[in-house]
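Visitor: no FASTA, just this:
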């Protein structure tokens, strides 16, 4: 998919009408994530109870890909255990780096798998990864 | 008067890619084939290590290198070629001043005055110097169009000021700072004036004597020369009293086990084997630029910028930074689109084969002053055409649509 179609079909909806872009009341964890070179700057909030992500949200600003990717990530983190969340991050990271291309494996990523073509846009890789990288760091810090 | 269509044939990359609109000239210009040819000739015809050998090739290499110096020195109006030191780029030139001049002349309690509009390369060396020597940084604040008023610099430059670092042209706003006036006032107060000319030299006739700049730094690649070669002009008397920046080969007079004495100017500041081929390429670019002529260059740039700004101003969701007057932009139009991140603007335009810059442009303090995280920047040069501006504008108008906005 070329970039314009990626925007039109997937990214715009999450960028313009994000479901999870808000401060999270009762969040147990929060962490700022920044891409200094582009000015993507988010705060990720997680509400974790008994090792399970009960809710996820983010605030901040950035390019459409960073914002949409973060919104999709929040969507799928809800209900996962911390270990599952980290293994999703590994999968998403592998996909964006172009290392994981097996479609069956990527199905697990749900809608986030639609960002696969970012793997062919080297300048935008770090945008797609920002939310995921922040989540990984947050759970890592916590451990 | 040159003709743009013909001019473009001098540039293989432009000639061979008629479908690409290159509007990132403020980042680096394109090179005419005479420049790359000049580099090739150096290596293919007389390559040898300059300034050393006693055989013909080396002497010829030395002659070419020193001729390149003379061309670049006279280009900016230096009194003599020895006042021009070849460096890797503007950044290295400014660091040279900070280390070799600043270290010995800036003391605790002194003030270094610099502008909020500066590129990081004209900020970080002074931050380092201030921290190391206990000096304070004092910032010149521009007005909303980016101009530094006389009132402002007269308020900030005082008897405490030992050094003023100022960009000649802002790489974001395109505004020309009143360097000559600032230098005159700074000299009254006893301060030394360092000018970052990287963005000015490709666009206007510069005369360092008329400006009365003490140091003036610029890069080759922004004026169509090679990357990796730049220059520092310094007044002879200042350069002569300075200690070397880097030490090693080709910059000494005598070396014993314990000590060394330095070579005369400019070699004292050019340690190691010099980048002679690229210096020749830079000099060739200067000659090419002089053939094009400032009148034509200025006319073409202003024509393109005026056309661009006039159309962009009609779009309510676009904000243009800097002066309202297109003639005060030096080819640079920096803007934002409401609701669209600059990186998305640049990525979408890339799909349309239009190259523009997006980001903080290595000027984060200016971004903070403008209260934006980042901006998009289209920058033209004399070889760009009105047709290219039309293509840029056509695609620009589609961006909000691509990003999911509906215009009412």
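Guide: That came in fine, so what should we check first? Remember, it's a predicted structure, so these values are computed and weren't measured experimentally. Numbering: from 1, shown residues only, chains lettered A, B, ... in the order given.

Visitor: helix or strand: which one has the residue of chain A found nearest chain B?
Guide: Nearest residue of chain A to chain B (Cβ to the nearest Cβ) works out as residue A:12 at 3.2 Å. C-beta: built from backbone N, CA, C; applies to glycine. Here residue A:12, judged by DSSP states H and E, is contained in helix A:12-16.

Visitor: pull out the buried positions in that helix.
Guide: A:12, A:14-15 (16 or more other Cβ atoms under 10 Å in any protein chain shown).

Visitor: for those, give me a markdown table that also has pLDDT.
Guide: Listed next are the buried residues of helix A:12-16 as a markdown table, based on pLDDT from 0 to 100:
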| residue | pLDDT |
| --- | --- |
| A:12 | 95 |
| A:14 | 95 |
| A:15 | 94 |
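
Visitor: next SSE downstream of the helix holding residue A:12?
Guide: strand A:29-35.

Visitor: that next one: partners in the sheet, and parallel or antiparallel?
Guide: strand A:40-49 (antiparallel) (DSSP bridges).

Visitor: need the contact partners of the partner strand.
Guide: Strand A:40-49 is contacted by residues A:23-24, A:26-35, A:53-63, A:66-67, A:70, A:74, A:77, A:82, A:126-127, A:130-131, A:134-135, A:138, A:142, B:373 when judged by Cβ atoms under 8 Å, 6 or more residues apart in numbering or on different chains.

Visitor: give the rounded mean pLDDT of it.
Guide: For strand A:40-49, mean pLDDT is 95.

Visitor: just stretch B:265-282 next, same as before
Guide: On average, stretch B:265-282 scores 95.

Visitor: I'd say residue B:334 and residue B:170 touch.
Guide: No - in this structure residue B:334 lies outside contact range of residue B:170 using Cβ atoms under 8 Å: 9.1 Å.

Visitor: give me the residues contacting the worst-scoring helix or strand of chain A on mean pLDDT.
Guide: Sorting the helices and strands of chain A by mean pLDDT, DSSP states H and E puts helix A:103-106 at the bottom, at a mean of 88. Defining contact as Cβ under 8 Å, 6+ apart, one finds that helix A:103-106 is touched by A:91, A:95, A:100, A:113, A:116.

Visitor: then stretch B:12-22?
Guide: By Cβ under 8 Å, 6+ apart, stretch B:12-22 touches B:8-9, B:30-31, B:33, B:353-355, B:383-384, B:388, B:391-392.

Visitor: quick one: buried ones out of these?
Guide: For these, buried by 16+ other Cβ under 10 Å: B:8, B:30-31, B:354-355, B:383-384, B:388, B:391-392.

Visitor: mind listing which of these are in helices?
Guide: Judged by DSSP state H, the buried ones among the contacts of stretch B:12-22 include B:8, B:388, B:391-392 as members of helices.

Visitor: low-confidence ranges, chain A, go.
Guide: A:142-143 (pLDDT under 70).

Visitor: what ranges do the helices span in it?
Guide: A:3-6, A:12-16, A:64-77, A:82-96, A:103-106, A:125-142.

Visitor: tell me the most buried of those?
Guide: Of all the helices of chain A, helix A:64-77 has the most neighbours on average by mean count of other Cβ atoms under 10 Å in any protein chain shown, namely a mean of 26.

Visitor: against which helices or strands is it packed?
Guide: helix A:12-16, strand A:40-49, strand A:52-61, helix A:82-96, helix A:125-142 (3 or more Cβ pairs under 8 Å, 6 or more residues apart in numbering or on different chains; DSSP states H and E).

Visitor: for the second one, buried residues please.
Guide: What that stands for is strand A:40-49. Applying 16+ other Cβ under 10 Å to strand A:40-49 flags A:40-48 as buried.

Visitor: quick one on the thing from earlier: can you redo the contacts of helix A:103-106 as JSON lines with distance to chain B?
Guide: Formatted as JSON lines, these follow (distance: Cβ to the nearest Cβ, whole Å):
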{"residue": "A:91", "distance to chain B": "25"}
{"residue": "A:95", "distance to chain B": "19"}
{"residue": "A:100", "distance to chain B": "23"}
{"residue": "A:113", "distance to chain B": "20"}
{"residue": "A:116", "distance to chain B": "17"}
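
Visitor: can you redo these as JSON lines with distance to residue B:114?
Guide: Below are these laid out as JSON lines (distance: Cβ to Cβ, whole Å):
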{"residue": "A:91", "distance to residue B:114": "48"}
{"residue": "A:95", "distance to residue B:114": "45"}
{"residue": "A:100", "distance to residue B:114": "48"}
{"residue": "A:113", "distance to residue B:114": "49"}
{"residue": "A:116", "distance to residue B:114": "46"}
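
Visitor: now the two most distant members of those residues.
Guide: Greatest spacing in the contacts of helix A:103-106, by Cβ to Cβ: A:91 and A:116 (11.3 Å).

Visitor: assess the claim that residue B:242 and residue B:103 are in contact.
Guide: No - judged on Cβ under 8 Å, residue B:242 makes no contact with residue B:103 at a distance of 9.4 Å.

Visitor: how about residue A:65, what does it touch?
Guide: Contacts of residue A:65 (Cβ under 8 Å, 6+ apart): A:11, A:115, A:118, A:124, A:127-128, B:344.

Visitor: tell me which of those is nearest to residue B:77?
Guide: residue B:344 (43.3 Å).

Visitor: got the contact list for residue 140?
Guide: Just going to use chain A. Applying Cβ under 8 Å, 6+ apart, no residues qualify as near residue A:140.

Visitor: that's the other chain; I wanted chain B
Guide: B:113-116, B:148, B:152-153, B:156, B:166.

Visitor: which stretches of the stretch 251-400 of chain B form strands?
Guide: Remark: strands assigned in the stretch 251-400 of chain B by DSSP state E, counting those that start in this stretch are B:252-255, B:260-262, B:318-320, B:332-337, B:354-355, B:357-359, B:375-379.

Visitor: so which bits of the second one are buried?
Guide: Along strand B:260-262, the positions that meet the burial threshold by neighbour count (16+ other Cβ under 10 Å) are residue B:262.

Visitor: and stretch B:249-259, by the same measure?
Guide: For stretch B:249-259, by 16+ other Cβ under 10 Å, it's B:250-252.

Visitor: what is the neighbour count of residue B:270?
Guide: Neighbourhood size, residue B:270 [other Cβ atoms under 10 Å in any protein chain shown]: 24.

Visitor: repeat for the one 3 residues further on
Guide: When neighbours are counted by other Cβ under 10 Å, residue B:273 registers 13.

Visitor: give me phi/psi at it?
Guide: Main-chain torsions, residue B:273, degrees, to the nearest 10: phi -60, psi 130.

Visitor: against residue B:271, how distant is the nearest residue to it once chain neighbours are set aside?
Guide: Spatial nearest neighbour of residue B:273, chain neighbours left out: residue B:49 (5.7 Å); criterion: Cβ to Cβ, 6 or more residues apart in numbering or on different chains. Separation of residue B:49 from residue B:271 (Cβ to Cβ, to the nearest Å): 14 Å.

Visitor: dump the buried residues of helix A:12-16 to JSON lines, plus distance to residue B:277.
Guide: As requested, the buried residues of helix A:12-16 are exported to JSON lines (distance: Cβ to Cβ, whole Å):
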{"residue": "A:12", "distance to residue B:277": "49"}
{"residue": "A:14", "distance to residue B:277": "51"}
{"residue": "A:15", "distance to residue B:277": "48"}
